[in-house]
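> Sequence and predicted structure below; questions after.
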Amino acid sequence: MSSSVSSPLATLGRVLYALSLLGFGVQYAIYGQLRGSLPLCPATLPHHHVLAYALAAVLIGSSLLLLFSWRTFTVSLALSLLLLACSALYLWPLHGNLNDALISTFKDANARTVFLQCLCFAAAALILHGHAAGAGGRYTLMPGRILFAFAMVLFGLQHFLDVRYLARLVPHWIHGHHLWVIVTGFALIACGLAIATTIEDRYASYGLFLLFAGWLVLLHAPRILHHPRSGWEWSSGLVTLGLSGASLLLAAASGGGSKPARRKERPWRP
């Protein structure tokens with residue numbers, strides 16, 4: 001995989017990802033508490049006021065550093081560890097046993113969605129660290145790619161489980177709401193499998209970017225304009241913005257367009 005952090009694709013992906021984190025940091029600072037619609041930290045944690053302001057400071061500071069491409073290697077690694085820990089907190093019960101927590105998380109559509117969104121942001125930070133690491137980036141690019149692909153497959157399956165609910169989110173002027181939800185589910189699963197197996201993963205990453213960018217323009221932006229005070233709408237738009245950036249980072253990291261090195265031939269000797 002190529003790890004050029006200065007490529008246009010990687011730069012645009014980093015900027016989109018950083019803007020998404022900045023938006024979440026501002027939301028945590030405004031609310032002053034952990035909220036269920038914000039995916040980067042479970043709202044069930046104690047001392048939620050202190051944690052909300054602490055997380056706001058971390059996200060705002062990290063996003064500004066990423067925007068200006070300063071200490072990207074260190075910042076992306078710290079973010080990946082933080083977000084992976086937050087993802088684990090969605091599955092790890094504060095009270096009760098782990099088995100019950102896992103079942104309740106994956107049975108509840110909202111809990112499952114927020115967990116997968118947090119996992120995607122952690123995966124994006126790993127991918128960004130892989131870009132910044134240069135030749136040694138494969139040690140974070142690979143787990144980031146696998147986690148992101150895993151989340152895409154589950155998101156796709158979730159489209160089949162929640163067809164009626166998701167169909168209501170499709171703009172009214174688009175016909176065939178249920179059909180679009182089903183097609184999107186198949187597309188997410190196909191792209192996730194392609195990224196996981198690295199089979200045409202570059203085109204799959206481009207496809208995901210077009211899909212998320214389309215959602216942002218056609219679905220989330222109009223809803224935010226109609227409900228500018230809705231934190232849930234802003235959160236949904238910020239998630240889509242971050243996933244768009246992660247898709248571009250994956251496209252920049254894929255080796256679909258690279259040519260294999262020429263094999264050196266030994267000189268002929270009688």
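Yep, that arrived.

> ok, and the helix or strand in this structure with the lowest average confidence?
Ranking every helix and strand in the chain by mean pLDDT, DSSP states H and E puts helix 98-107 at the bottom, with a mean of 54.

> Tell me the helix or strand right after that helix.
For helix 98-107, the succeeding helix or strand toward the C-terminus, using DSSP states H and E, is helix 109-133.

> Work out the gap between that next one and the centre of the chain.
On the basis of C-alpha atoms, centre = their mean, to the nearest Å, helix 109-133 sits 4 Å off its chain's mean C-alpha point.

> what does stretch 29-48 give?
Stretch 29-48 has its C-alpha centroid displaced from the chain centroid by 19 Å (C-alpha atoms, centre = their mean).

> pLDDT on that stretch, on average?
Across stretch 29-48, pLDDT averages out at 86.

> If we go by neighbour counts, what in it is buried?
Buried residues in stretch 29-48, counted by 16 or more other C-beta atoms under 10 Å: 31, 34, 35, 37, 38, 39, 40, 41, 42, 48. From N, CA and C alone the C-beta is placed, and that goes for glycine too.

> Stretch 49-58 now?
Using 16+ other C-beta under 10 Å as the test for burial, stretch 49-58 gives 51, 52, 55, 56, 58.

> what comes into contact with that stretch?
25-29, 31-34, 40-41, 45, 82 (C-beta atoms under 8 Å, 6 or more residues apart in numbering).

> likewise stretch 111-120?
Stretch 111-120 is contacted from outside by 36-37, 39-41, 83, 86-87, 90-91, 104-106, 147-148, 150-151, 154-155, 158, 239, 242-243, 246, using C-beta under 8 Å, 6+ apart.

> Among these, the buried ones, what's the ChimeraX command?
In ChimeraX syntax, the buried subset of the contacts of stretch 111-120 is picked out as below (16+ other C-beta under 10 Å):
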select :37,39,40,41,83,86,87,90,91,105,147,148,150,151,154,155,158,239,242,243,246
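
> Tell me which of the contacts of stretch 111-120 fall in helices.
83, 86-87, 90-91, 104-106, 147-148, 150-151, 154-155, 158, 239, 242-243, 246 (DSSP state H).

> I figured residue 66 was touching residue 13, is that so?
No: under the criterion of C-beta atoms under 8 Å, residue 66 makes no contact with residue 13, lying 10.6 Å away.

> What does residue 228 show for phi and psi?
phi -70, psi -20 (degrees, to the nearest 10).

> now swap in residue 227 and tell me
Backbone torsions for residue 227, taken as degrees, to the nearest 10, come to phi -130, psi 70.
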